[in-house]
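> please work out how this folds:
(one chain, ligands or ions: 1)
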Amino acid sequence: MDPRLIVALDYPSAPPALALAGRLQGLCQWFKVGLELFVAEGPSVVRELRRRDVSVFLDLKLHDIPNTVAGAVRSVAALGAEFLTVHAAGGPAMLEAAAEAAASVPNAPQLLAVTVLTSMDQLQLATIGIGHSSEDQVLRLAETASAAGINGFVASAEEVSALRQRYPAATLVIPGIRPAGTDTADQKRIATPAAALAAGASYLVVGRPITQAPDPAAATRAILEEMRSATALSA
Ligand code: C5P
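Okay, the predicted model is just below:
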């Protein structure tokens, strides 16, 4: 068990998601519920995971007008999820509204600002009008989120050391994690668990390397071992 590992339950329905959470009981404390599962099952899957006493990262990547996002943040508080994502690209007014909404209710989740998706490379960024590097864009968006009072960021391992330097106390949540020798699929800005931790990650999000593995518990154990040896090396 390492509280820094978050397994992404990217499944189309609750039964396989809950079955995986059951198989990883004792190995993993955190599970991420993303759009695929939440749109299919709604709040009940979050409540069921909370009932099992695991921590839930609700990855809804909110990006809407400030009033709508604030309302969604208040609604999530009632579910008991511990992390909730909002897109930093929603801008200062949206981020401030989200932070104020979280501060106004009991049991609010910690907000994490999504900077640049790990599936975006320079070409993808250029296509949406962003000419500077992904690191510059991540730092710019993190600054916007930080100014709004949000001190947790989702970024790729490529930007984590720059973020850690600038925000020593921030919660840095890093997806796009691929143990050596696994399929990168649609992810572009990727790193191994050891490299992401060495660069300053607080949490690692791992989906397909575990969910698509023939033996998900064995794949999780291998990742935990890599995390443990990375930490031992840096200690
Ligand atoms: O399967 P894989 O390990 O690529 O899954 C990564 C998970 O992290 C997915 O659920 C994806 O939605 C999420 N994510 C990401 N990049 C971000 C934010 C979240 O890949 N910037």
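
> tell me which stretches of this structure form helices.
14-23, 35-41, 43-51, 66-77, 92-104, 122-127, 134-147, 157-166, 193-198, 208-211, 216-234 (DSSP state H).

> and the fourth one, C-alpha only, in PDB?
Pointing back at helix 66-77 there. Taking Å, rounded to 0.1, in the frame of the first residue of the first chain, the C-alpha atoms of helix 66-77 are listed here in PDB:
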ATOM      1  CA  PRO A  66     -18.400  30.500 -12.900                       C
ATOM      2  CA  ASN A  67     -21.900  30.100 -11.500                       C
ATOM      3  CA  THR A  68     -22.300  26.600 -13.000                       C
ATOM      4  CA  VAL A  69     -18.900  25.400 -11.800                       C
ATOM      5  CA  ALA A  70     -19.600  26.800  -8.300                       C
ATOM      6  CA  GLY A  71     -22.900  24.800  -8.200                       C
ATOM      7  CA  ALA A  72     -21.200  21.600  -9.300                       C
ATOM      8  CA  VAL A  73     -18.500  22.000  -6.600                       C
ATOM      9  CA  ARG A  74     -21.200  22.300  -4.000                       C
ATOM     10  CA  SER A  75     -23.000  19.200  -5.300                       C
ATOM     11  CA  VAL A  76     -19.800  17.200  -5.200                       C
ATOM     12  CA  ALA A  77     -19.200  18.100  -1.600                       C
END
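
> tell me what that helix is packed against?
strand 55-62, strand 83-87, helix 92-104 (3 or more C-beta pairs under 8 Å, 6 or more residues apart in numbering; DSSP states H and E). C-beta: built from backbone N, CA, C; applies to glycine.

> what's in contact with that helix?
58, 60, 62-64, 84, 86, 90, 93-94, 96-98, 100-102, 104-109, 111 (C-beta atoms under 8 Å, 6 or more residues apart in numbering).

> give me the distance from that helix to the chain's centre.
19 Å (C-alpha atoms, centre = their mean, to the nearest Å).

> begin at 54 from now on, thanks
In the new count, where the first residue is 54, that last one comes out as helix 119-130.

> so which bits of it are buried?
Using 16 or more other C-beta atoms under 10 Å as the test for burial, helix 119-130 gives 119, 122, 123, 125, 126, 129, 130.

> closest to residue 105 out of these?
Top of the list for closeness to residue 105, among the buried residues of helix 119-130 and by C-beta to C-beta, is residue 129 at 18.6 Å.

> can you pull the pLDDT of the closest one?
Looking at residue 129, its pLDDT stands at 96.

> OK, now which residue of the chain is nearest to the ligand?
Nearest residue of the chain to the ligand: residue 260, at 2.5 Å (C-beta to the nearest ligand atom).

> ok, now how distant is that residue from residue 213?
As judged by C-beta to C-beta, to the nearest Å, residue 260 and residue 213 stand 18 Å apart.

> same drill for those two, tell me which one is more crowded.
residue 213 (24 against 20; other C-beta atoms under 10 Å).

> for that one, which residues are in contact?
Taking C-beta under 8 Å, 6+ apart, one finds 225, 227, 249, 252, 253, 254 in contact with residue 213.

> phi, psi of the residue lying closest to residue 137 once chain neighbours are set aside?
Using C-beta to C-beta, 6 or more residues apart in numbering and skipping residues adjacent in sequence, the residue nearest residue 137 is residue 162, 4.0 Å away. Phi and psi for residue 162, reported as degrees, to the nearest 10, are phi -70, psi 160.

> thanks a lot, catch you later.
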